[in-house]
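*Asks:* Coordinates for the following, if possible.
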Amino acid sequence: MTETTQAASGKVLTAVALAAALTPLNSTMIAVALPAMSQGFGVAPSSVTLSVITGYLVATIVCQMPAGSIADRLGYGHALTLGRWIFGAGALAAVLAPTLPVVVLGRLLMAAGGALMVPTAMALLRVAVPPERRARAFGTMGAVMGGAAAIGPAIGGLMLARFGWRSLFLINLPLLLASWLLQGPARAQPERRAPRRFDWLGTVLLGGGLTLLVMASRAGGRTAAACAVSGLLLLAALVWQERRAPAPVIDLMLFRNRGFMAGSSVIALQNLAMYSLLALVPFLFGAGRDAAGRASISLAIVAMTAAMAVSAPIGGWLTERTGLRGLIVTGCLLGAGAIVWLAALPASASPGALGARLLLVGLAIGLTTGPAQAGALGAVEAGHSGMASAALSMLRYVGGIVGTVILGYAMGGAGHVTVAMRLFVGAFALAALAGTALSTREPQAINRTA
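*Replies:* As a prediction, this is how the structure comes out:
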């Protein structure tokens, strides 16, 4: 690879990583501002949380697949720019919002723009970065996005204290501008598909089914059951629709692609364990401690996220020397062992002992995320990279949603926690098994999905 190509790839990576980082950053950054927004608008905190946080999550999940299909049609450079405009419009609306509903509208626009930016950014890396450096690029992207989520609360708290909650939306605008300037003209992407009728019915069925499943994960009793059954029925209707649609919003052949499903399964299963652990650890090890003790537990959690951010580029670098399969399987088994080690720890354990175990979990996830993404997207035809990236992002969120269901079960008692820990170990073990289905090296020739 020439120095010119290397520099161009580096600029593309910087531009798309900066754009993609805004979605996780805004997922966590806003949490610290909820009390101020509740007080400022005179609205109950529960209503603010439901509309601002949960609405953003649902919109992000629902918009993934339509955004991927749009990206394949427009071209990835143009789609990323469109995503920036939509995200920026939402941020500006929230900055100027006179009422809470306008803030919610702004957040929904940000979610839609972010849903377009994240899979498009991954697709652009897929086609702009040479195969031999792709795992490293995805690892760096994972480090940036994970780091953005981790530092979100700290940035939010600082901005809130100095400039008020509206500044948390305003800070997005210069970041969007920097990403746009760095990207420059779109290069190295496949020809756009011939325009065909957009699959509106498939989009509605997919969006409705996913929304109901998210609601089921957050409800209880009969409401949860009704939402789950209704969501599954809509997804069954989606399968029927997509088999007949000339231009489906989600190509079902993706799920018959061995490499794509292997890499995506690794990501989804690891997310299932990771997000649940982040929420469960403070309850398990923070109960009964004073403020200083709880702060120490928070630092132990930071060890996990920091290890993920630091090890993600290393995983990509190692893949260039050892191959995909061995690194992913080893990393997933390391994660399973770390959770077994964590489950044996008493609730009164020192923060240092807890941090050591969480650090290993973060190391395992960081080492394998970039290679798994590279393996999944490298197994898909270049012209389908947008849809494939969106499907990968959707499966990542699905893993997180399943994890929240397990988390709710774990809160039921000590016996439930033991079962939950075993499920997390099982998730990493299944991820290791999925990793064995990947090629030793990322495919150099593109395998068609159909």
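*Asks:* show me the contacts for the residue lying closest to Leu233 once chain neighbours are set aside.
*Replies:* Leaving out its chain neighbours, the residue that sits closest to Leu233 by CB to CB, 6 or more residues apart in numbering is Gly209, at 7.9 Å. C-beta coordinates here come from the backbone N, C-alpha and C atoms, glycine included. For Gly209, the residues meeting the contact criterion (CB atoms under 8 Å, 6 or more residues apart in numbering) are 231-235, 238.
*Asks:* Closest one to Phe198 out of those, please.
*Replies:* Distance ranking of those against Phe198, using CB to CB, places Leu238 first at 15.1 Å.
*Asks:* Does that closest one lie in a helix or a strand, and which?
*Replies:* Here Leu238, judged by DSSP states H and E, is contained in helix 221-242.
*Asks:* who's in contact with that helix?
*Replies:* 199, 201-202, 205-206, 208-213, 215-217, 219, 248-252.
*Asks:* From those residues, which land in helices?
*Replies:* 201-202, 205-206, 208-213, 215-217 (DSSP state H).
*Asks:* Of the residues you listed - the most surrounded one?
*Replies:* Of all these, the most densely surrounded is Leu206 (26 neighbours; neighbours counted as other CB atoms under 10 Å).
*Asks:* so that residue touches Val249, yeah?
*Replies:* Yes: applying CB atoms under 8 Å, one finds Leu206 in contact with Val249, separated by 6.2 Å.
*Asks:* Overlap in contacts, those two.
*Replies:* Overlap between the contact sets of Leu206 and Val249, as judged by CB under 8 Å, 6+ apart, is given by 65-66.
*Asks:* any idea which helix or strand carries Gly403?
*Replies:* helix 385-410.
*Asks:* mind listing what's buried in that helix?
*Replies:* Buried residues in helix 385-410, counting neighbours by 16 or more other CB atoms under 10 Å, are found at 385-408, 410.
*Asks:* so what does it touch, helix or strand wise?
*Replies:* On a contact count with 3 or more CB pairs under 8 Å, 6 or more residues apart in numbering; DSSP states H and E, helix 385-410 meets helix 55-74, helix 76-96, helix 100-128, helix 200-218, helix 258-286, helix 351-378, helix 414-435.
*Asks:* thinking again about what came up before, among the contacts of Gly209, name the buried ones.
*Replies:* Listed as buried from the contacts of Gly209 are 231, 234-235, 238; burial here means 16+ other CB under 10 Å.
*Asks:* possible to save the residues you listed as JSON lines with distance to Leu299 and pLDDT?
*Replies:* Formatted as JSON lines, the entries for those read as follows, by distance: CB to CB, whole Å; pLDDT from 0 to 100:
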{"residue": "Gly231", "distance to Leu299": "38", "pLDDT": "86"}
{"residue": "Leu234", "distance to Leu299": "43", "pLDDT": "90"}
{"residue": "Leu235", "distance to Leu299": "41", "pLDDT": "88"}
{"residue": "Leu238", "distance to Leu299": "44", "pLDDT": "87"}
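*Asks:* For the residues you listed, work out which two are farthest apart.
*Replies:* Across the buried ones among the contacts of Gly209 (CB to CB), the longest gap, 10.4 Å, separates Gly231 and Leu238.
*Asks:* Where does the closest residue in space to Leu18 that isn't next to it in sequence sit, in terms of helix or strand?
*Replies:* The spatially closest residue to Leu18, leaving aside those adjacent along the chain, is Ser179, at 4.2 Å (CB to CB, 6+ apart). According to DSSP H and E, Ser179 maps onto helix 172-183.
*Asks:* And the host helix or strand of Ser47, what's buried?
*Replies:* Following DSSP H and E, one finds Ser47 within helix 45-48. Neighbour-count burial for helix 45-48 flags Val48 (criterion: 16+ other CB under 10 Å).
*Asks:* other SSEs contacting that helix?
*Replies:* Contact here means 3+ CB pairs under 8 Å, 6+ apart; on that basis helix 45-48 packs against helix 34-41.
*Asks:* between the helix it packs on and helix 100-128, how big is the angle?
*Replies:* Comparing the axes of helix 34-41 and helix 100-128 via axes from the mean of the first three to the mean of the last three CA atoms, to 10 degrees yields an angle of 140 degrees.
*Asks:* what sits up against helix 34-41?
*Replies:* Taking CB under 8 Å, 6+ apart as the criterion, the residues outside helix 34-41 that touch it are 43-45, 47-49, 52-53, 99-100, 103, 160, 164-165.
*Asks:* Quick check: of those, which has the highest neighbour count?
*Replies:* Neighbours were tallied for each of those (criterion: other CB under 10 Å), and the maximum of 26 neighbours falls on Val103.
*Asks:* And the pLDDT at that residue?
*Replies:* Val103 is assigned a predicted lDDT (pLDDT) of 90.
*Asks:* Thr4 now?
*Replies:* The predicted local confidence for Thr4 comes out at a pLDDT of 44.
*Asks:* How about Thr404?
*Replies:* The predicted local distance difference test score for Thr404 is 74.
*Asks:* Correct me if wrong: it contacts Ala219.
*Replies:* No: here Thr404 lies out of contact with Ala219, judged by CB under 8 Å, at a distance of 11.7 Å.
*Asks:* Find the residues that touch each one of these two.
*Replies:* Both Thr404 and Ala219 lack any common contact, where contact means CB under 8 Å, 6+ apart.
*Asks:* before we move on, the earlier item: including distance to Ala434, could the buried ones among the contacts of Gly209 go into a markdown table?
*Replies:* Formatted as a markdown table, the entries for the buried ones among the contacts of Gly209 read as follows, by distance: CB to CB, whole Å:
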| residue | distance to Ala434 |
| --- | --- |
| Gly231 | 25 |
| Leu234 | 27 |
| Leu235 | 22 |
| Leu238 | 24 |
